[in-house]
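Asker: pasting a predicted model and its sequence here:
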Amino acid sequence: MALSFSAYVTEWTRQSEARMLAVFKRAVELLADELTFGRHNGGRVPWVTGNMARSLTGALNSIVMTSAAETPPAGDAGAAIAMASLGDVIMLGYQAIYARRVDGGFVGQDSLGRNYNQEGANFVAYAATQWPVMVALAAEEIQAMVMR
């Protein structure tokens, strides 16, 4: 039996929304990957022990908070991505409290009296500039899966 026009449009809309959500989630996954890709592997994130990269976490429709803890809790970026719906905002951030200084640089004296003249690595700004590329790549990946 052929679908009525309204049933066809309803089904097409449902599939389109599912594909848009899949592209959104995959693009955020690619962004999270970029934000944890260390220099030792050809990425832009400085890597000494890997603590900062492992501290990347995500929040759904809220702000990511930093922590002074030495060992970050298990990242929940994947959980935020998995629970997202169209219209949600996924915030990614580092729980390592020093991530902002590593990214943006720091010149001056810290609260312990240590002097720094550290150039910023600018890996967050770089990742942000790559967002359109990530969305396009995610769209290609999802389209390829649909076409199979």
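Answerer: Happy to help now that I have it.
Asker: pLDDT weak spots in this protein?
Answerer: 1, 65-75, 148 (pLDDT under 70).
Asker: first-to-last residue distance for stretch 31-47?
Answerer: Start-to-end span of stretch 31-47 (CA to CA, to the nearest Å) is 18 Å.
Asker: got the buried residues for it?
Answerer: With burial defined by 16 or more other CB atoms under 10 Å, the residues of stretch 31-47 counted as buried are L31, A32, E34, L35, T36, F37, G38, G43, R44, V45. C-beta: built from backbone N, CA, C; applies to glycine.
Asker: tell me the contacts of the last one?
Answerer: For V45, the contacting residues are L35, T36, F37, G38, R39, M52, A53, A121, F123, taking CB atoms under 8 Å, 6 or more residues apart in numbering as the criterion.
Asker: sitting in strands, which of those do you find?
Answerer: Judged by DSSP state E, those include no members of strands.
Asker: next, format the residues you listed as a markdown table and append distance to I63.
Answerer: Listed next are the contacts of V45 as a markdown table, based on distance: CB to CB, whole Å:
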| residue | distance to I63 |
| --- | --- |
| L35 | 16 |
| T36 | 19 |
| F37 | 24 |
| G38 | 25 |
| R39 | 27 |
| M52 | 19 |
| A53 | 20 |
| A121 | 22 |
| F123 | 20 |
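Asker: do you know how far A79 is from L21?
Answerer: Separation of A79 from L21 (CB to CB, to the nearest Å) stands at 16 Å.
Asker: and for R100?
Answerer: Plainly put, R100 is 31 Å away from L21 if you go by CB to CB.
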